[in-house]
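**Student:** take this sequence and fold it.
(one chain, ligands or ions: 2)
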Amino acid sequence: MSTLIVKESGVGIGAEIVGVDIDRLLHDEDLPNAVLEALEEHGVIFFREINVDDDTQVKFARRLGELVKFPDVPPAAEEIMEVSFDPANGNAEYLAANAFWHIDGLTDPIMAKASILTGRVLSETGGETEFASTYRAYDDLSDEEKERFSKYEVIHTFEMNQRTAYPNPTEAQLEEWASRPERRHPLVWEHESGRRSLVYGISSSEIVGMDIEEGRALLNDLVARATTPDKVYQHKWSLGDMVIWDNTGLLHRVLPFDRTKPRVMNRTTLVGREPIK
Ligand code: OGA
Ligand code: MN
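**Tutor:** Ligands and ions are numbered 1, 2, ... in the order given. This next block holds a predicted model:
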């Protein structure tokens, strides 16, 4: 019975799914496919104030695919990562980089397919989450750029990811960052679907074979072009919202907020299947 009713944001990505309640999330047979299709089409979709608890979030997420486990971070459930900048959260240091345009997991063996984020404690001001399409980023290139960039490879490092958030790292930080493997990905990802997207963000360290500063300047310029306000879907959170984004075709970031006050989002992540090539 699942034909989803969507309200598009008007910027080409981002759509609200209306008329779905928790019963349908958990029991509507056709809903998982419809949600995955909407995700492919709109990049980021959301259910306003649906107010799922952890158990429902995980049960719903399992209907969409295999879930990433977060055994190292004290979890509400093994498949839930608390996204919070509270120093008591084991992940807080790492999460500081969320404030910059990024794709999750570019230094992982295979990056995550999608994430489901629910707003549990909101910041009083700021703390919106922004999304920009990396498919559109590719489509908007000139023909000459499409041709030239098709040969580029980019090195992604955990250190780059963290450096912007911590410009003056301690020895311990440097050592920990260096222990993480770097990854090399093509700048242009030709997806199995046939669509092409750009692969870059805060973790991009250099373009292989290019002067480091020149490569960084080019990547920064490409991110800037892809994230002009007319191309960005900005999610202004209401308590209980559930947002799902396609990590394979979007950049995202969180806007500034008062970090001395709590902001807690619970994240469930779908395992990625498709290598970047
Ligand atoms: C993330 C992330 C942004 C936010 O969970 O990967 O970048 O708004 N979150 O909390
Ligand atoms: Mn992220």
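**Student:** every contact and neighbour count from this point should use C-alpha atoms.
**Tutor:** Will do.
**Student:** how far away is residue 167 from ligand 1?
**Tutor:** According to Cα to the nearest ligand atom, to the nearest Å, residue 167 stands 19 Å off from ligand 1.
**Student:** what of residue 148?
**Tutor:** Where ligand 1 is concerned, residue 148 sits at a distance of 30 Å (Cα to the nearest ligand atom).
**Student:** distance of the nearest residue in space to residue 102 that is not next to it in sequence relative to residue 257?
**Tutor:** With Cα to Cα, 6 or more residues apart in numbering as the criterion, residue 102 has its nearest non-adjacent residue at 4.5 Å, and that residue is residue 201. Distance, residue 201 to residue 257, by Cα to Cα, to the nearest Å: 21 Å.
**Student:** of these two, who's got more company?
**Tutor:** residue 201 (22 against 17; other Cα atoms under 10 Å).
**Student:** please name every helix or strand in contact with the helix or strand containing residue 172.
**Tutor:** Per DSSP states H and E, residue 172 falls inside helix 171-178. Judged by 3 or more Cα pairs under 8 Å, 6 or more residues apart in numbering; DSSP states H and E, helix 171-178 is in contact with helix 158-163.
**Student:** so the helix it packs on, near ligand 1 or not?
**Tutor:** No: Helix 158-163 lies out of reach of ligand 1 by Cα under 6 Å from any ligand atom, never closer than 12.1 Å.
**Student:** packing partners for that helix?
**Tutor:** Against helix 158-163 (3+ Cα pairs under 8 Å, 6+ apart) you get helix 171-178, strand 204-207.
**Student:** what are the buried residues along it?
**Tutor:** 158, 159, 160, 161, 162, 163 (16 or more other Cα atoms under 10 Å).
**Student:** dump that helix to PDB, keeping only the CA atoms.
**Tutor:** Extracted in PDB, the C-alpha atoms of helix 158-163 (Å, rounded to 0.1, in the frame of the first residue of the first chain):
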ATOM      1  CA  PHE A 158      41.900  11.000   8.900                       C
ATOM      2  CA  GLU A 159      44.500  13.700   9.700                       C
ATOM      3  CA  MET A 160      43.000  16.000   7.100                       C
ATOM      4  CA  ASN A 161      39.600  15.300   8.500                       C
ATOM      5  CA  GLN A 162      40.700  16.400  12.000                       C
ATOM      6  CA  ARG A 163      43.100  19.200  11.200                       C
END
